[in-house]
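A.B. asks: following is a predicted model, sequence given first.
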Amino acid sequence: MKSSARDKAEGQMHQAKGRIKQAVGVVAGNAHLEAKGKKEDLAGKVQEKCGQIKKVVGK
């Protein structure tokens, strides 16, 4: 698998995990878990965008 495709896939996976953590944090009233979920979601978005950039650049 090319690194750009891997970055996109891993980014999407991190976004999904982050959204799940956010939801569990909200339901459980756990602000720390909710914040960790937001952070992981954002990191996944960044990683996915890096994969898209790599694809455009041609790496």
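C.D. replies: Nice, I can see it.
A.B. asks: list the buried ones in the helix or strand containing A9?
C.D. replies: In this assignment (DSSP states H and E), A9 forms part of helix 3-28. By neighbour count on 16 or more other Cβ atoms under 10 Å, the buried set for helix 3-28 is 4, 7-8, 11, 14-15, 17-18, 21-22, 25. To be clear about C-beta, it is placed using only N, CA and C from the backbone, and glycine gets the same treatment.
A.B. asks: and the residue nearest the centre of the protein?
C.D. replies: G44 (1.9 Å; Cα atoms, centre = their mean).
A.B. asks: OK, contacts around that one?
C.D. replies: 10-18 (Cβ atoms under 8 Å, 6 or more residues apart in numbering).
A.B. asks: any idea which of those is closest to E48?
C.D. replies: Checking those against E48 by Cβ to Cβ gives G11 as the nearest, at 3.0 Å.
A.B. asks: ok, the closest residue to the closest one other than its chain neighbours - contacts?
C.D. replies: In space, not counting the residues next to it along the chain, G11 is nearest to E48; the distance is 3.0 Å by Cβ to Cβ, 6 or more residues apart in numbering. With contact set as Cβ under 8 Å, 6+ apart, E48 has these partners: 7-8, 11-12, 15.
A.B. asks: got those residues as CSV, with pLDDT and distance to H32 columns?
C.D. replies: Converted to CSV, those look like this (pLDDT from 0 to 100; distance: Cβ to Cβ, whole Å):
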residue, pLDDT, distance to H32
D7, 91, 28
K8, 92, 29
G11, 94, 23
Q12, 95, 24
Q15, 97, 19
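A.B. asks: next, give me the two most distant ones among those.
C.D. replies: D7 and Q15 (12.4 Å).
A.B. asks: so which strand or helix has the closest residue to R19 other than its chain neighbours?
C.D. replies: Nearest-residue entry for R19: D41, 5.8 Å, with adjacent residues in sequence omitted and distances by Cβ to Cβ, 6+ apart. Here D41 sits within helix 31-57, counting by DSSP H and E.
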